[in-house]
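# I would like to see how this sequence folds:
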Amino acid sequence: MKTQETKWAIDPSHSKVAFKVKHLMISNVLGNFKEFEGQVNSDENDFSGAVINFSLNTASIDTEIADRDAHLKSADFFDAEKYPKITFSGTGMKDLGDDMYELTGDLTIKEVTKSVTLAVEFGGVNSDPWGNVKAGFSINGKINRKDFGLNWNAALEAGGVLVGEEVKISGDVELVKVS
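Sure, this is the predicted structure:
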């Protein structure tokens with residue numbers, strides 16, 4: 001007997017997608033994307049094997065420094081005008097036990113698609129005061145920005161580079177059940 005398919009959407013007012021990358025090889029620059037959307041189809045409240053699709057608006061990048069944000073939106077990095085979306089399409093959600101999952105999927109940045117694996121902690125399912133059923137997740141992973149054609153950098157006089165290659169990504173996502 002097949003279980004009921006449940007459809008979920010990201011609640012953007014209770015979710016955040018963030019990143020951090022080394023600067024000058026000594027500290028981190030933090031940022032996030034303000035505009036994103038996603039859908040998840042699962043069997044009831046069992047998210048193993050869920051079908052996940054996510055996209056974010058590259059022009060919504062925010063590091064709280066307008067000049068840096070403009071540079072990140074430029075052709076040196078995301079080229080937001082030419083490539084307005086970053087997308088993720090899940091290819092597997094494996095239940096590891098103890099509310100931990102391993103999410104694999106195809107991440108596409110600037111028309112370059114690579115498989116990535118993310119660690120997911122399931123926070124549970126609950127209803128808000130208005131009767132909406134919600135599910136919460138914390139997501140962490142890392143990518144090499146050069147794998148996606150984000151190659152701009154500057155050499156430092158003392159050695160090293162201005163911007164690190166490894167980008168740590170994180171998200172705190174709240175889904176709302178839509179059917």
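# So in terms of bridging, what pairs with residue 51?
Bridge pairing for residue 51 (DSSP bridges) gives the partners residue 41.
# let me redo that: residue 175
The partner residues for residue 175, given DSSP bridges, come to residue 10, residue 135.
# residues in contact with it?
Residue 175 makes contact with 8, 9, 10, 11, 40, 134, 135, 136, 137, according to C-beta atoms under 8 Å, 6 or more residues apart in numbering. All C-beta spots, glycine's among them, are computed from the backbone N, C-alpha and C.
# one more time with 7 Å, if that's ok
By C-beta atoms under 7 Å, 6 or more residues apart in numbering, the contact list for residue 175 reads 8, 9, 10, 11, 40, 134, 135.
# So what's the residue count around the closest residue in space to residue 148 that isn't next to it in sequence?
Nearest-residue entry for residue 148: residue 109, 3.9 Å, with adjacent residues in sequence omitted and distances by C-beta to C-beta, 6 or more residues apart in numbering. The tally of other residues near residue 109 (other C-beta atoms under 10 Å) stands at 22.
# Got a quick ChimeraX command for the buried subset of the contacts of residue 175?
To isolate the buried members of these in ChimeraX, using 16 or more other C-beta atoms under 10 Å:
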select :8,10,11,40,134,135
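# Relative to residue 72, which of the contacts of residue 175 is nearest.
residue 10 (22.5 Å; C-beta to C-beta).
# Wait, the closest one touches residue 37, no?
Yes: using C-beta atoms under 7 Å, residue 10 makes contact with residue 37 at a distance of 6.0 Å.
# that older thread, now the residue nearest to residue 148, which residues is it bridged with?
For residue 109, the residues forming beta bridges with it (DSSP bridges) are residue 112.
# So residue 76: helix, strand or coil?
Secondary structure of residue 76, reduced to three states by DSSP: H, G, I helix; E, B strand; the rest coil: coil.
# Would you mind confirming that it is in contact with residue 152?
Yes: checked against C-beta under 7 Å, the pair residue 76 and residue 152 is within contact range at 4.0 Å.
# Between the two, which is the more surrounded one?
The neighbour comparison of residue 76 against residue 152 (other C-beta under 10 Å) goes to residue 152, with 15 against 12.
# Is it correct that the more buried one falls within a strand?
No: under three-state DSSP, residue 152 falls outside any strand and is assigned coil.
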